[in-house]
Structures are given as C-alpha cells and as structure tokens.
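# dropping a prediction and its sequence here:
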Amino acid sequence: MLITRLSDLAEAKTCPRLVVKIGSSLLVGAEGVRRVWLEGLVRELAAARARGQELIVVCSGAIALGASKLGLDKGGRGSLADAQAAAAVGQISLSGLWAELLAAHGLIAAQLLLTLDDLEDRRRYLNATATLTRLLDMGAVPVINENDSVATQEIRFGDNDRLAARVAQAAGASAVLLLSDVDGLFDRNPALPGAELLREVRGVTPAIHAMASGGSASVMGSGGMTSKLQAAEIAERAGIALAIGSGLVDAPLARMCTDEVGTLFLPLRKARARKAWLGGRLKLKGALLVDAGAVTALGKGGSLLAAGITAIEGEFKRGDAVAVRGPDGGVVAHGLAEYDAIDCAKLLGRKNSEQTALLGYAPRSAVVHRDQMVLL
C-alpha cells in the first residue's frame, strides 16, 4: 500500500517499517538531556511497535553529551579532535539511555555506529542490510548514529538526515520521519510574514531547494533544511516516503500523524535495490560531462557511449561510481564506469569503430551501461 498522507505513517499496513531521526538539539537542552521529552517519545515508539510497526531510530547527540562531560566549548565542535573525543565519551551515555528507556517498555535496543563508507561501499552496505534485517526480525530496535569518533571530514555524512535516508534504503523501510525544530518545509523562511507550510511535496525540484536554508539554527546540530531535502531526494529515488515535523512539542509523533502537522515528501518511484543504492550515493569518484544528444539518449533508456562524452572530471577506476552531468552542469545520472579515467580520456567523442586502435584492446559496449546507471 502507498503512503499518501502523514497519518499513514502510524499504520502498520501502509508503513510496516519506519525510521525515526532525532537531532542533537531535540535530545540535549541547556540543562542536559531532555529526559522527560525523550521518555514521552519512547512511549510513542513503543505504541508504534505494539501496533506491529518495526522501528529504527537514528539519533544524534553523542558529541553534545560528551562535550558536556568533558567541558568542551562550542558543543564539542571546536575542532575535529574535540568532536571525536566528545563522541567517544558521549556515545556510551547515549546508547545506555536508549537501552534503559526502551527496556522500560519491554523492548531491546541495538547500537550500530556507521560511517559514510559503510553505506557507500556495496559489500559493506549489504552487510549493514543483513544486520538490520536480522535485528528487526528478532524484534530489536536498532539505534543508529554516525561513528563520529573515527569519521573524518572525507568519510562522514556530516548530518544524520542523509544517514537516516540511507539507512532506510538499506533496511527496506517504508518511510523516514525527521524530527526537526520546525513544523516542516515552508515556502520561505518561516520567520518571515506570510510563510506557509507545504503539506505535501511531489519531487524535490530546484524550486523546492530554493525554499530551504542551508544552516542549522542549533550550535549542537550539523544539519539544516538543505540536508533534509537531500535526504528526501535519496528516499524518493528508492520509493520511500519522508516526512519532516517538529520535535519541540510533547508527543511529536501524534502531532504529525494524528493532527497531520508536517511536510510529507511522496515517493516518486521504486528503483531496484542496486540502483536505489547507486542513486543515493553521496561520495562519487568523478564525473563524465556529456552533450545534449547523450542526455536525450539516456532519457530513452540508452547506455552512455563515448561519442557523447565531452570531458571528464576526477580520477576513477573501472567499477567506481561517477556522476553524469549534462551541458548545463546538472547531474542527470549516477553510474559505474566501465573504464578507468585515463582510458575514458582517450575515448572522448570517439565512435566505437575508433576505440580498438586507441585502447589497444576490444572496447566495451558502453562507458556506463544502462544496467549500471540510475537517472536522477
């Protein structure tokens, strides 16, 4: 069954598996952990579990908790070393807190700490999928955070919004619910007069992106509305609904699902599992720039041929994920390259009949085959 409204997120038939993301600013206030609020949220999660829904929690807060214990300023984000140290200390408290509160409702918590590479590498992605599936089958509630104690700038998500969307892909979830400090996506800055809440979004377009503010209002958080829209793009390509609503209120799930206050991003299409993984990738090794004719051919289901490529960017090897960019620079597809960057450079604009002499071996059927590509 398709999810068409926010109330569907509270139904086991329409949403059998739900990912709920909680940000640092919701979990930790000026006086420390907002325990009373969190206890209320856990009650709502337990009620959802009792309805037959499987749950995954993506929860920030380790850095904020650790910074408080260590006495670090700037919420522990003054430097990468501070953030890593704070995360190492705070994650113990965070996981213990979830284990305690879920246990009060007879639920078992399981901790998973992930880095970007864990979900970008295909084999590690499948391992994460297997672990999540087994935990859910056994009735546990996985509680996931980015592994900030080891993640560096090059191998991190940087926000748990996109992490939640990628986890939803890996787990085969029906929907992602992002609890934020606003009611959802507004058509302009919600502080401005006349700002209106968008109740439903069908596809994240450039016009939708233009409505977002890139930064986070919280010194503790690392996301913002832009990261939430990026998460929505990841989800919609995999046929997963995504909702944004306020977590500043008591019983936030009821407010979103019963009162239907929030923004629902409807899933656009259900890509095959491998293509959903490929379309949701955040870390690409390079790019292939193509002409208008190639863009048209790709739109009709064709593979990317060397004749339509005008330039390459980056250093990549055969099998690496690359972006395909049109004449305007916009990304039209992600795909797995059939050649190293060096050989791709030799083939730019060349027809198949010329390629054997240039390469010194028989050419492959395409630079990026349609079976190894997903249009965006």
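That came in fine, so what should we check first? Numbering: from 1, shown residues only.
# so which strand or helix has the residue positioned nearest the centre of the chain?
The chain has residue 162 as the residue nearest its centroid, 2.5 Å off, counting by CA atoms, centre = their mean. Residue 162 belongs to helix 160-171 when assigned by DSSP states H and E.
# how far is that helix from where the chain is centred?
4 Å (CA atoms, centre = their mean, to the nearest Å).
# can you list contacts of that helix?
Helix 160-171 is contacted by residues 17, 19, 21, 23, 56, 58-60, 114, 119, 125, 128-129, 132-133, 136, 144-146, 157, 173, 175-176, 178, 222-223, 227-228, 230-232, 234-235, 238, 240, 242, 276-277, 280, 282 when judged by CB atoms under 8 Å, 6 or more residues apart in numbering. Backbone N, C-alpha and C define where each C-beta goes, glycine included.
# now the residues you listed: which count as buried?
Neighbour-count burial (16 or more other CB atoms under 10 Å) applied to the contacts of helix 160-171 gives 17, 19, 21, 23, 56, 58-60, 114, 119, 125, 128-129, 132, 136, 144-146, 157, 173, 175-176, 178, 222-223, 227-228, 230-232, 234-235, 238, 240, 242, 276-277, 280, 282.
# and the helices in the chain?
24-27, 35-50, 62-70, 80-103, 116-120, 122-137, 160-171, 206-209, 225-237, 252-257, 273-279, 292-299, 341-347, 352-359 (DSSP state H).
# show me what the first one is packed up against.
Right, the one you point to is helix 24-27. Helices and strands touching helix 24-27, by 3 or more CB pairs under 8 Å, 6 or more residues apart in numbering; DSSP states H and E, are helix 62-70.
# which helices and strands does the helix it packs on pack with?
helix 24-27, strand 28-29, helix 80-103.
# least reliable of these by average pLDDT, please.
In terms of mean pLDDT, the lowest-scoring of the helices and strands packed on helix 62-70 is strand 28-29 (a mean of 84).
# what comes into contact with that one?
By CB under 8 Å, 6+ apart, strand 28-29 touches 34, 61, 64, 65, 68, 220.
# leaving out the residues flanking it, which one is nearest to the fourth one?
Using CB to CB, 6 or more residues apart in numbering and skipping residues adjacent in sequence, the residue nearest residue 65 is residue 90, 3.4 Å away.
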